[in-house]
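>>> What follows is a predicted protein model with its sequence.
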Amino acid sequence: MKAVDFKSIAMFFFFALLDEKKAIGATSKAIKEFRKLHAKKPEIPVNIHIIQASLKIWSKHHVDFYKGRQNLSFSSEWILPQGFDLNPWKEFQKNAPEVELIAVIWSKILKISEKEIAIAQNLSEGTLRYRIGKGLALLGSAVISPGENSKETGTQKSRGLGVVR
Amino acid sequence: MEFNFSRKGERKISKFIAQGLLFDYVEGKLDPERKKSVEEAIKDSAPLQNEVLRLREGLKNTESLAMASVSTELLRKVTISSSYFYSLRENLNIDKWSPALKLGIEGSVIALGIAVMAIIIPWNSILDINLGPNQVVLSEITKNTEKHETQEPATGQKESLTYPDDQNLQKNTDKNASVTTTTLQQVVVNTQAPVEGPKEMAKVVPPAPQKPAPVAEASKPVAVQERLSTPGSSEKRMGFLYRGTIYVTNLKATTPKLVEKVQELGGRKAGQVELGWFKGDSSYFHFTMPDGKYSELESFFGTYGTLNIQRESHERVMPEGIRRIIITVYEKK
């Protein structure tokens, strides 16, 4: 497996959990899961298996996501741009529905094509783009007016999976 | 074929539709006509403008987040950290355990380790600890090596030395002095007679109450002097003899059991007669046994009756850890 694939998985869990320790553990599990999936069906593109393996492991950790637990020490293992402000993302991660968070991470941060994401999650591309758009708007709100976003999106999160299209 | 979308040929869209197309508009994925329509809708709507602004800010933020990366060290760690121990640790969520639970488990592990070490390691040999009697008595040697009555006799003197302990009665008690004297006289007499076997020894069986004879008194000092005349006797180390009596019911049935128990505890006959030698209404036990088994012997004899034992000084010295015992078992009337 190529190193860039490991990076995708690691970054996904880093941004999704915002917990370095959990991210490392989840990444190693996702890698094992990916190897199983890819060994069974090697003809399927790698990115699809990456997303499927990651989401399978994510389902075990999403409880922590809902509880809003974040544990970042910004160790040297995670390389972030200098001067970068993670606070809008923290707020977005805390308030966003799970499906929008995942969609934004895979498409806009990890730069995986929307087609592969939709196939991996068994969604239509339209549904995926809708979720991405909603997520980006939420993230943008956190950037423009931090703090106000929690009131606006509190009802969205309380629905559990957010608005499903 | 052309479609007339409106009277004026315009393709206006509602705000709702415009809102749905905002993301595509921001990403530049709309065709020119649709883009124009959306722009017109945005122009007249503050919420749509706000939405566009948020989308653009969100996109800008994700662009900078996309620059994040991971170190090669982390990549190596996540690749090889699929060991059983790591998985076990993650699954157990040890970090979430309370400090009291962790402390309890650590203490239990330490205690278990110490217990295993205490059991496995042979501390006896390491520290040279003597936890019990490890001496084996191969033979009994009396320290009095001179040629007197205290020695194991030649055949002619068997009777007199069969019960040499009887001679001690002269030294110890006043009450029994006459009895002892009488007995001693008999011993003296018997030494001159030939040996005929155990029956002869019956004559000098352990002391029974008898009236003292006046002649005996005269011989007493002689006998005693003979014993005391042993040169250097006062300088010798004195041993001990444990003499006792017990009254039991059904002597004939009880005696074999007592014999068996004495032998089981390591007792061996110290005289010429066998353990439990019968004479009339009594049986006679003259034996040696290890000190450590004495209490067990006492308790066993005690189950059949009251055992009265006294310790008496005696010239015959036993090896360390061994005691000589004479017990007379009588039939309870």
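Arrived safely, thanks for sending. None of the values given here were measured: they were computed from a predicted structure.
>>> I'd like to know how far A:His38 sits from A:Asn87.
A:His38 is 37 Å from A:Asn87, where distance means C-beta to C-beta, to the nearest Å. From N, CA and C alone the C-beta is placed, and that goes for glycine too.
>>> Give me the more crowded residue out of these two.
Set side by side, A:His38 and A:Asn87 show more neighbours around A:His38, with 20 against 10, by other C-beta atoms under 10 Å in any protein chain shown.
>>> Quick one: mean pLDDT for the helix or strand containing that one?
Per DSSP states H and E: A:His38 is located in helix A:20-40. The average pLDDT for helix A:20-40 rounds to 87.
>>> Contact residues of the stretch 101-250 of chain B facing chain A?
Residues of the stretch 101-250 of chain B lying close to chain A (C-beta under 8 Å from any C-beta of the partner chain): none.
>>> Run through the stretch 101-250 of chain B and note the low-pLDDT ranges.
Within the stretch 101-250 of chain B, the segments meeting pLDDT under 70 span B:129-137, B:144-237.
>>> for chain A, same thing?
For chain A, the stretches with pLDDT under 70 are A:1-5, A:61-76, A:147-165.
>>> now check the helix holding A:His38, is it near chain B?
Yes: judged by C-beta under 8 Å from any C-beta, helix A:20-40 and chain B are in contact via A:21, A:24-25, A:27-29, A:31-32.
>>> Likewise for stretch A:94-109?
Yes: counting by C-beta under 8 Å from any C-beta, chain B is contacted by stretch A:94-109 at A:104, A:108-109.
>>> most neighbours, which of the residues you listed?
A:Val104 (29 neighbours).
>>> so how far is the one helix or strand that one maps to off the chain centroid?
Using DSSP H and E, A:Val104 falls within helix A:98-104. Counting by C-alpha atoms, centre = their mean, to the nearest Å, helix A:98-104 is centred 6 Å from the centre of its parent chain.
>>> cool, stretch A:29-46 as well?
That offset, for stretch A:29-46, works out to 19 Å (C-alpha atoms, centre = their mean).
>>> CA atoms of it as CSV?
Extracted C-alpha coordinates of stretch A:29-46, given in CSV (Å, rounded to 0.1, in the frame of the first residue of the first chain):
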residue,chain,number,x,y,z
LYS,A,29,-7.2,-0.4,12.6
ALA,A,30,-8.4,1.2,9.4
ILE,A,31,-5.2,0.1,7.6
LYS,A,32,-5.8,-3.5,8.7
GLU,A,33,-9.4,-3.3,7.5
PHE,A,34,-8.3,-1.8,4.2
ARG,A,35,-5.9,-4.7,3.7
LYS,A,36,-8.7,-7.1,4.2
LEU,A,37,-11.0,-5.3,1.8
HIS,A,38,-8.4,-4.8,-0.9
ALA,A,39,-7.3,-8.4,-0.6
LYS,A,40,-10.8,-9.6,-1.3
LYS,A,41,-11.5,-7.2,-4.2
PRO,A,42,-8.3,-5.8,-5.6
GLU,A,43,-10.1,-4.5,-8.8
ILE,A,44,-11.9,-1.8,-6.9
PRO,A,45,-10.1,1.5,-6.7
VAL,A,46,-7.9,2.0,-3.6
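>>> Buried residues of that stretch, list them for me.
Judged by neighbour count using 16 or more other C-beta atoms under 10 Å in any protein chain shown, the buried positions of stretch A:29-46 are A:29-31, A:33-34, A:37-38, A:46.
>>> which stretches of chain A form strands?
Along chain A, counting by DSSP state E, strands occupy A:78-79.
>>> got the contact list for the residue nearest the centre of chain A?
The residue lying closest to the centre of chain A (C-alpha atoms, centre = their mean) is A:Ile102, at 3.6 Å. By C-beta atoms under 8 Å, 6 or more residues apart in numbering or on different chains, the residues touching A:Ile102 are A:16, A:55, A:58.
>>> I'd like to know which elements the helix holding A:His38 is packed against.
Here helix A:20-40 touches helix A:3-17, helix A:46-67, helix B:72-80, helix B:84-92, going by 3 or more C-beta pairs under 8 Å, 6 or more residues apart in numbering or on different chains; DSSP states H and E.
>>> what inclination does it have with respect to helix B:72-80?
50 degrees (axes from the mean of the first three to the mean of the last three C-alpha atoms, to 10 degrees).
>>> mind checking how far helix A:20-40 is from the chain centre?
That offset, for helix A:20-40, works out to 15 Å (C-alpha atoms, centre = their mean).
>>> repeat for stretch A:108-126
That offset, for stretch A:108-126, works out to 12 Å (C-alpha atoms, centre = their mean).
>>> What distance separates the opening and closing residues of it?
Start and end residues of stretch A:108-126 are separated by 16 Å (C-alpha to C-alpha, to the nearest Å).
>>> Contacts for it next, please.
Contacts of stretch A:108-126 (C-beta under 8 Å, 6+ apart): A:8, A:11-12, A:15, A:45, A:47-52, A:55, A:103, A:106-107, A:127-129, A:132, A:136, A:165, B:59, B:62-63, B:65-66, B:68.
>>> and of the contacts of A:Ile102, the nearest to chain B?
A:Ala16 (12.1 Å; C-beta to the nearest C-beta).
>>> before we move on, back to that, only the buried subset of the contacts of stretch A:108-126, as a ChimeraX command please.
Buried residues within the contacts of stretch A:108-126, by 16+ other C-beta under 10 Å, are selected in ChimeraX with:
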select /A:8,11,12,15,47,48,49,50,51,52,55,103,106,107,128,129,132,136 /B:59,62,65,68
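>>> wait, B:Leu307 sits on B:Ser295?
No: using C-beta atoms under 8 Å, B:Leu307 makes no contact with B:Ser295, being 11.7 Å away.
>>> Between these two, point out the one with more neighbours.
Neighbours were counted for B:Leu307 and for B:Ser295 using other C-beta under 10 Å; B:Leu307 has more, 19 against 9.
>>> B:Val109: helix or strand, and which one exactly?
Assigned by DSSP H and E, B:Val109 belongs to helix B:99-120.
>>> How about residue 48: what's its closest non-neighbour residue?
Chain wasn't specified; assuming chain A. Sequence neighbours aside, A:Ala120 is the residue nearest to A:Ile48 in space, at 4.5 Å (criterion: C-beta to C-beta, 6 or more residues apart in numbering or on different chains).
>>> Can you look at chain B instead?
For B:Leu48, the spatially nearest residue (C-beta to C-beta, 6+ apart) is B:Ile42, at 4.5 Å.
>>> can you pull the contacts of that neighbour?
Contact partners of B:Ile42, counting by C-beta under 8 Å, 6+ apart, are B:18, B:22, B:25, B:48-49, B:52.
>>> switch the cut-off to 7 Å
The contact partners of B:Ile42, taken as C-beta atoms under 7 Å, 6 or more residues apart in numbering or on different chains, are B:18, B:48-49, B:52.
>>> Equivalent analysis for B:Val52, please.
Residues near B:Val52 by C-beta under 7 Å, 6+ apart: B:22, B:26, B:42.
>>> Wait, a helix at it?
Yes: if the criterion is DSSP: H, G, I helix; E, B strand; the rest coil, then B:Val52 is within a helix.
>>> now it: how far from A:Leu101?
Counting by C-beta to C-beta - B:Val52 and A:Leu101 are separated by 22 Å.
>>> Test my guess that B:Leu275 contacts B:Phe285.
Yes: if you go by C-beta atoms under 7 Å, B:Leu275 and B:Phe285 touch, sitting 5.5 Å apart.
>>> Those two: which is more packed in?
The residue with more neighbours, out of B:Leu275 and B:Phe285, is B:Phe285; 26 against 22, by other C-beta under 10 Å.
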